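In: Quick one, structure for this:
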Amino acid sequence: MKFLSYFLGFGLAVLLLSCHNRETETVSYATLKEGFKNPPITARPKVYWWWLNGYVDTLRLKEELVAIKNAGMGGVDLFEIGLPSASDPNQIIPAGPAFMSDESVKNIHLAIREAGKLGLEVGLNLASSWNAGGSWVKPQHAAKTIYYSQTTLQGGGDQAVKIPFPTITPAKNGQLRPIVYRTDGKPAYYEEIAVLALPAGQQSQLDTTKIINVTAFFDPKTEHLTWKAPAGAWDIYRYICSNSGEQLIRPTPNSVGPIIDHFDSTATRMHVMYFIDRLKPLIGDFSQSALKNLYLASYEAKEFTWTPTLPAAFHQLHGYDLYKFLPAVFNKDWYQPNLAERFQFDFDKTLSELMINNHYRKSKEICNAHGLQIISESGGPGHLHHIPVETLKALGALDVPRGEYWYNRTFFLENDKDSVVDMIWLVKEIAAASHIYKRGIVEEESFTSYWDWQEGPSDLKPLADRAFCEGMNRLVIHGFPHNPAEMGHPGIAYFAGTHYNDRNTWWPKIKPFNDYLGRISYILQKTEFVADVLHYYGDNVPNLIPPKNTRFAVGPGYDYEVVNTEVLLRDLTVENGEWVLPGVGRYKVLSIGTEGRTPPEVREKLEKLAAQGAKLVDQKPALPALQALNLLPDFSYTDQKADQRETPLDHIHYRSGEVDFYLIRNTTNQWVSRTCSFRQQDKTPEIWDPVSGETAPITVYKQENGRIQLPVSLPPYGTYFVVFSKETAPAHANELVGNGPNPPALAFTPNGLAFFQAGNFEVRNESGFEQIDTDLPTVPLDGPWQLTFPKGWGAPESVTFPKLISWTESDQKGIRFFSGTATYQKTFQYKPVSSTTDNQRIYLDLGKLSKVAEVWLNNQPLGIAWTPPYRFDITDLVKTGDNTLKVEVANTWSNRLTGDALTGEKFTKTNITKANKNLVPWGDLPLIESGLLGPVTIQTVKTVRP
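Out: Numbers count the residues shown, from 1 in each chain. This next block holds a predicted model:
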């Protein structure tokens, strides 16, 4: 009863604590605009700061933190980790001190202190790699599983039979389990579970009446069973709980140890307090330090799990004993199918509750008591691993829920052979948990991949944008490998992830990309998600939520929130015919899905609420119900589809007070322009551009039937906010009409509506129309370019390109294999195409480049171009006559690594001898197009002000 009273009491305490979450707050238009322009630290991306093998250079730690700050990032999650042998075959990375040893703690403290000086946030992963655990974990707190022995006896009389101790079976790799043994060969830790008797050989259609629990007749000291068995032969099973021996997944060489029992609150307390007790003497008051959170990585244990309190918790939750179902743990096909299925559901539910209460909520309770937050990927990672929790509830038990998404990771094909869904794209799920539990932050481990040094920011941007459009509002980039000074370039790296550190070629030019990520994150953090449908995804474990609009979708232009049993029963109400989650959102329709069971108490509540006038759809499409309510899509255009993989424009809608934000992204590598309708009334639209931080009025729109219609035009993979507010509307036209069904390529800028496509168009308003001829005069900057390369990297110091080509097309191997930053220079003559600059702007367009460019015109900085279109407004800088242009272009490390492999040269140094998950030798990797590719042109662009 001690356990049961704790279990129930703790649940009540958690329920009370859950009320103290982020309250909905309305942020003013002016505050949002300023935060968008200069996002705060709390919105800026963080990184996993990999301390490989635990080996660190304290001077470089300080330098790297300064580099992170200067790059416009918000902080680090300190993550010590080892490597698979294939990722460091030459063993160039020494072993550092054991994790959380005195020297390790000293280094951690130094990093926290230095980060604090820079205003950066720090998180600390609670293990050397993952799962939670370490060398300090004793057998009673280590992960556990169940073992059994089987013997047969003949009944029909009194007899004392020795029941053998269960054999500790080998680990999954066939080796002896790494657990502590006594001198007699038994585990140092074990607990008896039960002794059961089954009719001998009965291995089908079992029910509990045929199973006898004879535990009371068993003496564990003598290991004898004294039981008057009924006549016949009986199979006797003895079940014990002992350590599974499961170890940390990838610890550093000196930090090997077992993982903890994640279902045991005493193990969780021991583990979390170990970190707090080790750090507190150096840090003092955590709430006053840069250390803001502790982090529990995704649960990826492989063994079958057990914990001593499981039987009592099972009985408390389900009202019957699990003992007679122990054989089903190993052989569920012995039982009647419906019986086995019911038991499995109840068993999974019990493990879920134990892990949520005893690991995630317990960790939160401990951290919060010491001025810290807990963050975890408690609902993942996706379909690759056993996940023993109801995901939304587990994520909601944290201070900050975190998910992950991968870059070019393999897909899996579902059973229906028609739907391909990302294997690891955990964003919609994390966003739903954060919303319904009012956590405020939706963190994502971002850009995880196996594509070593092959990507630039323009390759990463579409992934971030997709995640933003599913609800992400802060990135934790995977990751920043710490590099001691002697490691050279590109330096050492963890075998997975985008190597996002100051050893990267394009790092000096990365700040605008981080600003971009911070701007979008800030707006999504400070506003509330808007959806028309509340989707109940049932009661199941794990019950993963797939990516947006894949296995579940409402219809083009509609979005949905996902709710679980706990929040539905606790919070859901109906007001004025709408479903309401107070402080979360209002919904026109509630949809009961098919993903999990619908408990009777849920159905009863929903039916009572529906009787108050709210629309309930049970395991049927929700779209007809919305149409019956005459509710048009929130965002729409002609060729729209629901699935982001098939539609040219994706979106997500957020709101703060009377200000609405629609984040719109181009899912294609071509310009996309559409006339779009937004479900808005009597508001003023604007463009907020997260690339530049600029805002501009939309000067062509019309109000019609409760919707605002306007042209949306985005470059390849472009993204911006369309914002609707009650601000005073400037003069505007109603409609833009051209030769085709869609608007031309255009941009709303502070200088007016700019046309980037030649043609004849009409700008219409109530009083008539204006004919616009946009001939787009273009002057190519042809001819030779002078290039300079840095010394010591194999390329000539200076060379002339007669025309722009990729470096990989050069006949000089030093240029062909060059990685780094090269400088292009050209002097050109400019002559205005007209005698006036009225209603026109002059742009420098770089055409195509790989991967990032920084540009100066007449020695004046234009900025950094990192995403299409690679262009700059030069109206105020270009002059008649001679002009000088300088363009610095940085590519990736991939080509130089390939060149070294092919030529035997040694310009680079790294532990990664094969790319793409250690599978492709560098010499076999195709070269990546690099440099300024053009065509470089000067365009005179027509602008219109109504």
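In: all contacts plus neighbour counts: C-alpha atoms, from now on.
Out: Will do.
In: And stretch 741-756, what's buried?
Out: For stretch 741-756, a neighbour-count test (16 or more other C-alpha atoms under 10 Å) marks 742-749, 752-756 as buried.
In: try stretch 456-467
Out: So, applying 16+ other C-alpha under 10 Å, buried residues of stretch 456-467: 456-459, 461-467.
In: residue ranges with poor pLDDT in the stretch 401-550 of the chain?
Out: The stretch 401-550 of the chain contains residues with pLDDT under 70 at 410-421, 423.
In: Could you do the stretch 601-750 of the chain as well?
Out: Ranges of the stretch 601-750 of the chain meeting pLDDT under 70: none found.
In: Give me the neighbour count for residue 560.
Out: Neighbourhood size, residue 560 [other C-alpha atoms under 10 Å]: 24.
In: how much space between the residue of the chain most remote from its centre and residue 279?
Out: Farthest-out residue of the chain from its mean C-alpha position, per C-alpha atoms, centre = their mean: residue 157, at 63.3 Å. According to C-alpha to C-alpha, to the nearest Å, residue 157 and residue 279 sit 63 Å apart.
In: Strands along the stretch 301-450 of the chain, start to end?
Out: 373-376, 400-406, 411-413, 420-422, 425-426, 443-448 (DSSP state E, counting those that start in this stretch).
In: Go through these and name the closest to residue 786.
Out: strand 443-448 (35.4 Å; C-alpha to C-alpha).
In: who's in contact with that closest one?
Out: Residues outside strand 443-448 that contact it (C-alpha atoms under 8 Å, 6 or more residues apart in numbering): 400-407, 427, 430, 460, 463-464, 472-479, 496-498.
In: Now restrict those residues to buried residues only.
Out: 400-407, 427, 430, 463-464, 472-479, 496-498.
In: tell me the SS of residue 609?
Out: helix (DSSP: H, G, I helix; E, B strand; the rest coil).
In: which residues touch the nearest residue to it once chain neighbours are set aside?
Out: Spatial nearest neighbour of residue 609, chain neighbours left out: residue 574 (6.2 Å); criterion: C-alpha to C-alpha, 6 or more residues apart in numbering. Residue 574 is in contact with 580, 609-610, 612, 614, counting by C-alpha under 8 Å, 6+ apart.
In: Quick check: mean pLDDT of the host helix or strand of residue 574?
Out: Secondary structure assignment for residue 574, by DSSP states H and E: strand 573-575. Averaged over strand 573-575, pLDDT sits at 98.
In: again with stretch 582-592
Out: pLDDT averaged over stretch 582-592 gives 98.
In: ok, back up a step: of the strands of the stretch 301-450 of the chain, which approaches residue 59 most closely?
Out: Once the strands of the stretch 301-450 of the chain are compared by C-alpha to C-alpha, strand 443-448 is nearest, at 27.1 Å.
In: Pull out the buried positions in the closest one.
Out: Across strand 443-448, burial judged by 16+ other C-alpha under 10 Å covers 443-448.
In: Please state the offset of the next helix or strand after it from the chain centre?
Out: The first helix or strand that comes after strand 443-448 along the chain, using DSSP H and E, is helix 457-468. In terms of C-alpha atoms, centre = their mean, to the nearest Å, the centre of helix 457-468 is found 12 Å from the chain centre.
In: With stretch 303-318 instead?
Out: The answer for stretch 303-318 is 31 Å, by C-alpha atoms, centre = their mean.
In: Look at it and report the distance between its end residues.
Out: Where stretch 303-318 begins and where it ends lie 24 Å apart, using C-alpha to C-alpha.
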